[in-house]
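**Student:** structure for this input, please:
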Amino acid sequence: MQPLVSPGAGPIPGVPQHQPSNLFRFGEITLYSTVAVGGAGATAVANTSNRLFATPLGQTGQGFPNSLTVTETNLKEAGRIPSGQAYDVFGVAGQVMAWDQANDQMDVPFNASGVAGGATLGLVSDLQSVINNGVLLWDFTQTQVFICPLMLAGAGGGAFGAIAQNAAGANSGSMGNGNGGIWMYRRHPVALPGNSTFAVLLQFGSRASALAAASGFAVRIVLLGYYKSVIELG
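**Tutor:** Okay, here's the model as predicted:
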């Protein structure tokens with residue numbers, strides 16, 4: 001017996017002889033984490049290493065005196081991809097922000113009316129030092145892999161703007177740290193399997209200058225990518 005088909009219809013697709021035991025769900029999301037540096041007197045950053053994705057939402061760490069909120073991270077478990085979910089990273093972004101440690105507040109970078117005394121020349125120098133000397137690395141427990149200098153991560157493309165100081169020493173103007181595109185892993189994403197552990201290190205070389213006494217920085221690293229999760233059906 002031949003099945004009934006409409007005139008001009010294509011071939012009937014094959015039908016599996018058993019019910020699927022699981023389905024796959026795909027999506028595009030970001031994982032992000034923030035570290036605070038300096039802010040309590042002059043801070044030497046040369047030859048230092050700062051770990052990101054090591055503190056989950058609601059806990060204290062990564063330089064912040066209070067627990068991390070959704071502004072700083074979206075990880076529910078420190079440094080771990082959820083079980084049953086794979087994550088492929090196709091972009092890395094690095095955002096540098098001014099941080100006022102006394103009030104534990106982050107601000108738009110170096111706005112003239114911002115935190116830590118506004119857009120002083122010292123803040124501009126600190127901004128350039130962080131961007132020009134910072135380097136990002138993967139940390140997979142026993143293996144470390146260089147990613148790129150911070151200036152090559154999107155949103156870390158360099159300083160722009162202008163600052164003016166009058167005879168009385170008052171400052172006016174604004175500085176920003178760019179909002180560049182995404183350069184890393186466009187062709188060959190980094191695969192993070194489900195239940196795997198990872199961290200990202202922000203390191204500074206020996207030529208990084210000390211941060212000014214009144215300023216502090218928050219550096220947010222964002223991993224852009226696709227996730228694939230398994231939905232068990234029984």
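**Student:** mind listing the strands for the chain?
**Tutor:** Along the chain, counting by DSSP state E, strands occupy 22-38, 49-52, 85-100, 105-107, 134-140, 143-149, 160-165, 171-176, 190-192, 199-204, 216-232.
**Student:** tabulate those strands (CSV), appending mean pLDDT.
**Tutor:** Shown next, in CSV, are those (pLDDT from 0 to 100):
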stretch, mean pLDDT
strand 22-38, 83
strand 49-52, 95
strand 85-100, 86
strand 105-107, 75
strand 134-140, 93
strand 143-149, 91
strand 160-165, 70
strand 171-176, 66
strand 190-192, 89
strand 199-204, 95
strand 216-232, 83
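**Student:** a markdown table for these, including mean neighbour count and distance to residue 59?
**Tutor:** C-betas here are computed from N, CA, C, even on glycine. Formatted as a markdown table, these follow (neighbours: other C-beta atoms under 10 Å; distance: least, C-beta to C-beta, whole Å):
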| stretch | mean neighbour count | distance to residue 59 |
| --- | --- | --- |
| strand 22-38 | 16 | 12 |
| strand 49-52 | 18 | 14 |
| strand 85-100 | 21 | 18 |
| strand 105-107 | 18 | 18 |
| strand 134-140 | 18 | 19 |
| strand 143-149 | 13 | 24 |
| strand 160-165 | 12 | 35 |
| strand 171-176 | 17 | 31 |
| strand 190-192 | 17 | 21 |
| strand 199-204 | 20 | 15 |
| strand 216-232 | 19 | 17 |
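**Student:** could you export those as a markdown table, including distance to residue 63?
**Tutor:** Formatted as a markdown table, the strands of the chain follow (distance: least, C-beta to C-beta, whole Å):
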| stretch | distance to residue 63 |
| --- | --- |
| strand 22-38 | 3 |
| strand 49-52 | 7 |
| strand 85-100 | 9 |
| strand 105-107 | 12 |
| strand 134-140 | 14 |
| strand 143-149 | 20 |
| strand 160-165 | 26 |
| strand 171-176 | 22 |
| strand 190-192 | 24 |
| strand 199-204 | 11 |
| strand 216-232 | 8 |
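**Student:** closest to residue 65 out of the ones you listed?
**Tutor:** Closest approach to residue 65 among these is made by strand 22-38 (8.5 Å; C-beta to C-beta).
**Student:** what sits up against stretch 56-67?
**Tutor:** 33-37, 50-52, 54-55, 68-70, 72-78, 101, 104, 218 (C-beta atoms under 8 Å, 6 or more residues apart in numbering).
**Student:** what about 7 Å?
**Tutor:** 34-37, 52, 54-55, 68, 70, 72-78, 104 (C-beta atoms under 7 Å, 6 or more residues apart in numbering).
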